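# can't give you the sequence, but here's the structure:
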C-alpha cells in the first residue's frame, strides 16, 4: 500500500507549538525571523554557555542562515571596535574620530545635465530652458 501525503499542517519549527498555515510550510509567517534572531543572539552572546553557542550555530547552519550569522558577527566586531575607539578617545581627552566614509562614485549617464547650456551633436549649444535635450529625437508628427 502506498503512503499518502496528509493535508494536516505541520508544527511550526520555531518551537512555539502552533500549526503552520499550509502543510508544506515550515514556519508560521514571521516565526522564521524570530527564530533566526534568537539563534544569532544566542550564538553571539558571550554570557551563553559554549554548548548553547555551538548548538545555536549548528541550528543556524542546518537552516541555511550562515550568511545572516556572518553579517551579525561582522556588525558586532565593528560596533566593538567603535566603542573601543570612543573609550580610548575619551580617556585621552580628545574627540573620537568618525569612521572613514567610502568615496561616492560618479555616475555617468551619458546625457548632459539640464543646467546651463546643452551641447548639440553638431557642436553647438542650446539653452537647457528649451525643455528638452538637443540630442533628443524630434517628436513624431501626427498625420
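Here it is on my side, so go on. Being a predicted model, the structure only gives us computed values, none of them experimental.

# what's the longest helix in this structure?
Longest helix in the chain by number of residues (criterion: DSSP state H): helix 66-92.

# now it: buried residues?
68-69, 72 (16 or more other C-beta atoms under 10 Å). Backbone N, C-alpha and C define where each C-beta goes, glycine included.

# helices or strands next to it in the packing?
helix 31-44, helix 50-62 (3 or more C-beta pairs under 8 Å, 6 or more residues apart in numbering; DSSP states H and E).

# check those for me and report the most buried one.
helix 31-44 (a mean of 17; mean count of other C-beta atoms under 10 Å).

# quick one: mean pLDDT over that helix.
Helix 31-44 comes out with an average pLDDT of 93.

# now swap in stretch 82-92 and tell me
88.

# still on that earlier bit, closest one to residue 85 among the helices and strands packed on helix 66-92?
In terms of C-beta to C-beta, the element of the helices and strands packed on helix 66-92 nearest to residue 85 is helix 31-44, at 20.4 Å.

# circling back: may I see the helices and strands packed on helix 66-92 arranged in TSV, with distance to residue 13 as well?
Written out in TSV, the entries for the helices and strands packed on helix 66-92 read as follows (distance: least, C-beta to C-beta, whole Å):
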stretch	distance to residue 13
helix 31-44	7
helix 50-62	10
